[in-house]
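**Student:** Provide a 3D model corresponding to the input given below.
(chains A and B)
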Amino acid sequence: MWEYSDKVREHFFNPRNSGPLEEANGIGDVGSIQCGDALRLMLKVEPETEIIQDAHFQTFGCGSAIASSSALTEMIKGMTLDQALEVSNQNIADYLDGLPPEKMHCSVMGREALQAAIANYRGEEWSDDHEEGALICKCFAIDAVMIEDVVKANNLNTVEEVTFYTKAGGGCAACHEGIEEILAKVMAERAGPGEVSPPPACPATPEAPKPPTKKLSIVEKIAKIQEVLESVRPMLQRDHGDVELADVQGKKIYVHLKGACSGCMMEAATLGGIQQKMIEVLGELVQVLPSSHMPVEA
Amino acid sequence: MKPIYLDNNATTRVDPAVVEAMLPFFTEHFGNASSIHAFGSEVGKALKKARSQVQALLGAEHDSEIIFTSCGTESDSTAILSALKAQPDRNTVITTNVEHPAILTLCDWLEKEGYIVHKLKVDKKGRIDLDEYKSLLHDRVAIVSAMWANNETGTIFPVVEMAEMAAAKGIMFHTDAVQAVGKIPIDLKNTKIDMLSLSGHKLHAPKGIGVLYLRRGCRFRPLLRGGHQERGRRAGTENSASIVALGMACELAQQKMDVENTEVRRLRDKLEKGILSQVTHAFVTGDPSNRLPNTANIAFEYIEGEAILLLLNKVGIACSSGSACTSGSLEPSHVMRAMGIPYTAAHGTIRFSLSVYNTEEEIDRVIEAVPPIVAQLRKLSPYWTDKGPAANPEAAFAPTYA
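**Tutor:** Numbering: from 1, shown residues only, chains lettered A, B, ... in the order given. You can find the predicted model right below:
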């Protein structure tokens, strides 16, 4: 059975605010296709102040779905709608002292019910902005749809690249077969009929970079480096991390890893991925290193 | 209060007599059966006895038809891969879509490797269509693999008849009988079944021991090659303590076969009636008229299985569920989906599986415990109102699915 925190168990065995709410003026009905769970969130909003005076839920779902619903109602009572919209699924999971990776979608369902209920109160149409698929990477809770989308959008070819872009496969590595299957499928679609080639079993060694037509000036080079960093920042920020250029010394590019990226077990993969992009864009072999590796000035 | 174990289709308690039989083989009779000296020959004799005990329970003609393996999954893989390897001109496997993952996952992989797999569909009660089956038997089929009894519902397939139909066309027949062995009488010598898998821990022997029955004369290719153990058909030093244990467990199962089919069946029926008479919007899944005597699978509509299990566990009752959340997969049980059970019921299926160790008092306690738990969860369900299910449940609550 799952390893649920004491807080999850407690909210499941003694759910708060369950059952219909007669005076509700904002209702959100959402479901997670991931496991068939579904949740109705009912809000009583004070129109003048937009403060959530009361919140109730009804849930068709497992222990963590019920606990997530219960936690959500407790968290948002007393908030204004705008404050409530700031509540992320991670906040819900944190409130419960964490959820097993397979169960993170329960907290996502909570956040979506909240958005749907607020949209309903405001007379807006709410539509879901993401699709969930089969869970591939259990270490980082990454599903098949996410991996496939990222592989397609970025023309990825190796498991290593998938790990850099999504973190999937960066932990215990048990899901590499699953990632390879997705790569094979997308690459086959990309290649079109008749020229299917399986993904390389080992990470491909980067091709020898072509010599640049003209040598970049240091200013041009730094501009390009900044460009690459800007392109990866949104991805890191999604995981509450960030990156910033520290210094360029010859072939060595030093970066500050910030937020969740600093000290993350995926640091090497993150830097490796950035390095790969740098080599492609700059057309020369460079090394990307954390700023902690910068030589100390004598 | 003493916990109640009603999850015997998952695994069983090792019978104390079985433990007693196996213990000397760790310390006193620790020899390798292949050795010439006295330490080895003692073990050799014990293995021979165990083999004949398994032979007796299965009704096999020869004791050399019993091959000891490490588990049911190994037996299943050995059987199917052997049939494909031994008949390179045949590339098709016929199975059903309610098999255990030990078969289905292997078949999915075989499909990726270029083999053709036909999965027979089942009807609402989990029964296959023998006419459809017959139409699929052709000379490119290497093997048919159909479970004797379903692990979730207990529904029994007509494997004896299916094996005869396959044999008439010269096709090998394998059955995954891990749930059936020890619960219903089996007499292999009077059937056309070529291969059968069993698993020790489902019949009160330890985990880590299984058997592949292989009819004499059936073409075979080993999965593991190496030493000459099991006549070269399954290399690897014999797990002698567990083999002795399995032999003992088979003997006990044979002795208790009547109890299983009278007393255990009576308790199962009492449990089922007791629950269904108190809980509305609940029904038995599978084929109630043709199933294992120990299994009751009940779908509780509009609530979810894992939540039921957690609450049952709190009052000391152990069983299992076909809900997606308990399997860690995307879908609720493939068996429930195959039978066309709606999502709102498939998620709430609970399997009660009894053994000869369950008592009347235990069953009474479960009958008492289940209805309030179902009521408690239905109170939380958006498909449910005070008076029962919402007037048109699917319309009253139609969430946006993400």
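**Student:** tally of neighbours for B:E360?
**Tutor:** Neighbours of B:E360 under the rule other Cβ atoms under 10 Å in any protein chain shown: 11. From N, CA and C alone the C-beta is placed, and that goes for glycine too.
**Student:** residue ranges with poor pLDDT in the chain?
**Tutor:** Answering for chain A, as no chain was given. In the predicted model of chain A, residues A:1-2, A:32-35, A:129-131, A:193-214, A:263, A:265, A:297-298 satisfy pLDDT under 70.
**Student:** Correction: the question concerned chain B.
**Tutor:** Scanning chain B for pLDDT under 70 picks out B:324-331, B:391, B:394, B:402.
**Student:** Could I get the full set of strands for chain A?
**Tutor:** Taking DSSP state E, the strands of chain A run over residues A:26-32, A:37-46, A:51-60, A:135-137, A:142-143, A:241-249, A:252-259, A:287-290.
**Student:** Summarise which helices and strands the fourth one is packed against.
**Tutor:** Secondary-structure packing of strand A:135-137 (3 or more Cβ pairs under 8 Å, 6 or more residues apart in numbering or on different chains; DSSP states H and E): strand A:142-143, helix A:144-154, helix A:176-191.
**Student:** who's in contact with the nearest residue to B:A369 once chain neighbours are set aside?
**Tutor:** Leaving out its chain neighbours, the residue that sits closest to B:A369 by Cβ to Cβ, 6 or more residues apart in numbering or on different chains is B:V315, at 5.2 Å. Applying Cβ atoms under 8 Å, 6 or more residues apart in numbering or on different chains, we find B:V315 in contact with B:1, B:369, B:373.
**Student:** Does the second one touch B:L312 like I think?
**Tutor:** Yes: the criterion here is Cβ atoms under 8 Å, and B:A369 meets it with B:L312 at 6.9 Å.
**Student:** Check the stretch 151-300 of chain B for the residue nearest chain A and tell me.
**Tutor:** Chain A sits closest to B:F300 of the stretch 151-300 of chain B, with a gap of 11.6 Å, by Cβ to the nearest Cβ.
**Student:** ok, that residue to B:H281 distance?
**Tutor:** B:F300 is 7 Å from B:H281, where distance means Cβ to Cβ, to the nearest Å.
**Student:** Who has more neighbours out of the two?
**Tutor:** B:F300 (25 against 19).
**Student:** Excluding residues flanking it in the chain, which one is nearest that one?
**Tutor:** Per Cβ to Cβ, 6+ apart, closest to B:F300 is B:G348, 4.1 Å.
**Student:** wait, isn't the one you found in contact with B:N297?
**Tutor:** No: counting by Cβ under 8 Å, no contact exists between B:G348 and B:N297, whose distance comes to 11.1 Å.
**Student:** Now do the contacts for the residue nearest to B:L224 when sequence neighbours are not counted.
**Tutor:** Spatial nearest neighbour of B:L224, excluding adjacent residues (Cβ to Cβ, 6+ apart): B:A235 at 4.7 Å. By Cβ under 8 Å, 6+ apart, B:A235 lies in contact with B:222, B:224-229.
**Student:** Out of the residues you listed, which two sit at the greatest distance?
**Tutor:** Of all pairs drawn from these, the one with the longest distance (Cβ to Cβ) is B:L224 and B:H228, at 12.0 Å.
**Student:** hey, where'd the helices end up in the stretch 1-150 of chain B?
**Tutor:** Secondary structure of the stretch 1-150 of chain B (DSSP state H, counting those that start in this stretch): helices at B:16-22, B:24-27, B:38-58, B:72-86, B:101-112, B:130-136.
**Student:** Distance check, the residue in the stretch 151-298 of chain A that chain B sits nearest to against A:A134.
**Tutor:** Closest residue of the stretch 151-298 of chain A to chain B, Cβ to the nearest Cβ: A:E181 (8.4 Å). In this view, A:E181 and A:A134 are 11 Å apart by Cβ to Cβ.
**Student:** B:D108 too?
**Tutor:** For B:D108 relative to A:A134 (Cβ to Cβ), the value is 13 Å.
**Student:** and if you look at B:A60?
**Tutor:** Distance of B:A60 to A:A134, given as Cβ to Cβ: 41 Å.
**Student:** ok, the two, which is more surrounded?
**Tutor:** A count of neighbours by other Cβ under 10 Å puts B:A60 above the other of B:A60 and A:A134, at 25 against 13.
**Student:** where exactly do the helices run in chain A?
**Tutor:** Listed in chain order, the helices of chain A (DSSP state H) span A:6-13, A:63-76, A:81-85, A:89-95, A:104-121, A:144-154, A:159-166, A:176-191, A:218-238, A:267-282.
**Student:** what about dumping the CA coordinates of the fourth one to PDB?
**Tutor:** The C-alpha coordinates for helix A:89-95 follow below in PDB (Å, rounded to 0.1, in the frame of the first residue of the first chain):
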ATOM      1  CA  ASN A  89      -1.000  21.800  -6.200                       C
ATOM      2  CA  GLN A  90       2.400  21.700  -4.500                       C
ATOM      3  CA  ASN A  91       1.000  23.900  -1.700                       C
ATOM      4  CA  ILE A  92      -1.800  21.300  -1.200                       C
ATOM      5  CA  ALA A  93       0.700  18.400  -1.100                       C
ATOM      6  CA  ASP A  94       3.000  20.400   1.300                       C
ATOM      7  CA  TYR A  95       0.000  21.100   3.500                       C
END
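**Student:** Off-centre distance for it?
**Tutor:** Mean-position distance between helix A:89-95 and its chain equals 14 Å (Cα atoms, centre = their mean, to the nearest Å).
**Student:** Go ahead and name everything in contact with it.
**Tutor:** Applying Cβ under 8 Å, 6+ apart, the contact partners of helix A:89-95 are A:7, A:68, A:71-72, A:74-75, A:99, A:104, A:107-108, A:110-111.
**Student:** swap in the first one?
**Tutor:** Among residues not part of helix A:6-13, those counted as contacts by Cβ under 8 Å, 6+ apart are A:4, A:63-64, A:66-67, A:70-71, A:95-97, A:99, B:307, B:310-311, B:314.
**Student:** which one among the contacts of helix A:89-95 gets closest to B:V356?
**Tutor:** Using Cβ to Cβ, A:L99 is the member of the contacts of helix A:89-95 that lies nearest B:V356, at 39.6 Å.
**Student:** If anything else comes up later, I'll come back, but that's it for now.
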